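Engineer: have a look; sequence and predicted model below, questions after that.
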Amino acid sequence: MSDAVLSARTALVTGASSGIGWETARLLAGHGATVLVHARTTAEAEDAVERLVAAGARRDQLVELAADFTKLSEVAVLAGTVVEHYPSLDRLVNNAAAMAPERCTLTDDGNEVSLQVNFLAAHLLSKLLRAPLSAAGDARIVNVSSSLHRTASMNWSDPHRVKKYSRVAAYAQSQLALTMATADMAPAGSGVTAVSVNPGLCDTALLPLYGRVGAPAAEGAAAVVRLCLPETVVANGAYFDGEVIAPPAPVTQEERSLKRLAKLADQLVGRAA
């Protein structure tokens, strides 16, 4: 694949060292984009880039970036690096995700780990990258969500679920928060459009959470990349199941809940914002 429809465009893909993130980076590079390949560590980012080159991507299209999303300070540093070197950012794919552990685990920032990695990091990035996204003129944010968000509820009184923890409930809550916050990541007048997508059940590191057989990660990535293509018409806040627009959980349309989440997210990212 080399149709160059995204040539002269720059895309940041978080969690691009494996699975859907890596395949998304590969497909975006195939469409001609310069891809900022994020991974947790520098070594993982460099390894991902080497494998992308081996898979056919041009080395000059790829830039490795490292940040551990369990540390919000590193998310902020990552954003600062992007702002410094890329005054115009055309695509932000918030793909990084962590499976909630068996026991409730808080980051050094005081947040439940899957809530921070899967949602708060994306929330923070969308804020800190607002300037380069707006400068692009027709930028898009694509949030990689999950069908599990429909089974979730926000635990407003205990968002870290310290009192009553379930790994599935914690992970589902993180995906619900990401889906709920999508429209707010692209406020009116910003020139940015944000959508979320359930890429389907794929054979990735998150598969054990579902306990079933998954499709190849490349299939999920294709659904993500389709939303990055200029010819794909999208509306701000839309949710997709694969390639089909679908109704998200009803709470994603509740204005009071959306405002409550925005306030909570700003509180939880704290000084890193």
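Structural biologist: Cool, the structure landed.
Engineer: is it true that L62 touches E50?
Structural biologist: No. L62 lies out of contact with E50 (C-beta atoms under 8 Å); the separation is 9.4 Å. Quick note: C-beta positions are derived from backbone N, CA and C, even for glycine.
Engineer: more neighbours: those two, which one.
Structural biologist: Between L62 and E50, L62 has the larger neighbour count (other C-beta atoms under 10 Å), namely 22 against 13.
Engineer: point me to the helix or strand that includes the residue lying closest to that one once chain neighbours are set aside.
Structural biologist: With C-beta to C-beta, 6 or more residues apart in numbering as the measure, V49 is the residue that lies nearest to L62, at 4.8 Å, once sequence neighbours are left out. Under the criterion of DSSP states H and E, V49 resides in helix 42-54.
Engineer: roughly how far is whichever helix or strand comes after that helix from the heart of the chain?
Structural biologist: Remark: after helix 42-54, the chain's next helix or strand is strand 62-66, criterion DSSP H and E. Put simply, strand 62-66 sits 16 Å off its chain's centre (C-alpha atoms, centre = their mean, to the nearest Å).
Engineer: nearest residue to the residue nearest to the spatial centre of the chain other than its sequence neighbours?
Structural biologist: In the chain, the residue lying closest to the centroid (C-alpha atoms, centre = their mean) is N94, at 1.4 Å. Nearest non-adjacent residue to N94, counting by C-beta to C-beta, 6+ apart: A122, 3.8 Å away.
Engineer: isn't the one you found up against V144?
Structural biologist: No. Counting by C-beta under 8 Å, A122 sits too far from V144 to count as a contact (9.3 Å).
Engineer: give the residues shared as contacts by those two.
Structural biologist: Here A122 and V144 share the contacting residues N94, scored by C-beta atoms under 8 Å, 6 or more residues apart in numbering.
Engineer: any low-confidence regions in the stretch 101-250 of the chain?
Structural biologist: Scanning the stretch 101-250 of the chain for pLDDT under 70 picks out 200-215, 217.
Engineer: what sits against the closest residue to L128 other than its chain neighbours?
Structural biologist: Distances taken as C-beta to C-beta, 6+ apart put A79 closest to L128, at 3.6 Å, once the chain neighbours are dropped. A79 makes contacts with 124-125, 128-129, as judged by C-beta under 8 Å, 6+ apart.
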